[in-house]
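A.B. asks: attaching a predicted model along with its sequence, questions to come.
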Amino acid sequence: MGKWLIYAGIVLLLIGAITLYAPWAVNWFGRLPGDIRVETDSGRVFLPITSMIVVSLVLTVVVNLLRR
């Protein structure tokens, strides 16, 4: 379990570095059709439904490839 947590932390660190230093890598996130963004004077609501489905599919494929 400990090694798995270390690997997960390293992956999250890499993803964070990519999003911080390469803004082109996440420019699509939140702008796909099906993502809901509502902005009013009193607040904002953002529901990245389609983006989360894409991320889930990509992670599912990667995990299944790594398990084989």
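C.D. replies: Good, I have the coordinates.
A.B. asks: now do the same end-to-end measure for stretch 34-47.
C.D. replies: Stretch 34-47 has an end-to-end distance of 9 Å (criterion: CA to CA, to the nearest Å).
A.B. asks: other residues contacting stretch 34-41?
C.D. replies: With CB atoms under 8 Å, 6 or more residues apart in numbering as the test, stretch 34-41 has contacts from 30, 44-51, 53. C-beta: built from backbone N, CA, C; applies to glycine.
A.B. asks: residue 61 in helix, strand or coil?
C.D. replies: helix (DSSP: H, G, I helix; E, B strand; the rest coil).
A.B. asks: should've said residue 30
C.D. replies: Residue 30 ends up coil, using three-state DSSP.
A.B. asks: number of nearby residues for the nearest residue in space to it that is not next to it in sequence?
C.D. replies: Among residues not flanking residue 30 along the chain, residue 48 sits closest, at 4.9 Å (CB to CB, 6 or more residues apart in numbering). Neighbour count for residue 48, taken as other CB atoms under 10 Å: 17.
A.B. asks: Provide a list of residues in contact with residue 48.
C.D. replies: 29-30, 32, 35.
A.B. asks: could you dump those to CSV with distance to residue 8 and neighbour count?
C.D. replies: Listed next are the contacts of residue 48 as CSV, based on distance: CB to CB, whole Å; neighbours: other CB atoms under 10 Å:
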residue, distance to residue 8, neighbour count
29, 20, 14
30, 24, 15
32, 26, 14
35, 26, 16
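A.B. asks: out of these, which is nearest to residue 68?
C.D. replies: Closest approach to residue 68 among these (CB to CB): residue 29, at 28.1 Å.
A.B. asks: tell me the centre residue of the chain?
C.D. replies: Geometric centre of the chain, nearest residue: residue 55, 5.5 Å, by CA atoms, centre = their mean.
A.B. asks: that one: what's it in contact with?
C.D. replies: Here residue 55 is in contact with no residues (criterion: CB under 8 Å, 6+ apart).
A.B. asks: same question, residue 53
C.D. replies: Contacts of residue 53 (CB under 8 Å, 6+ apart): residue 34.
A.B. asks: okay then, goodbye and thanks.
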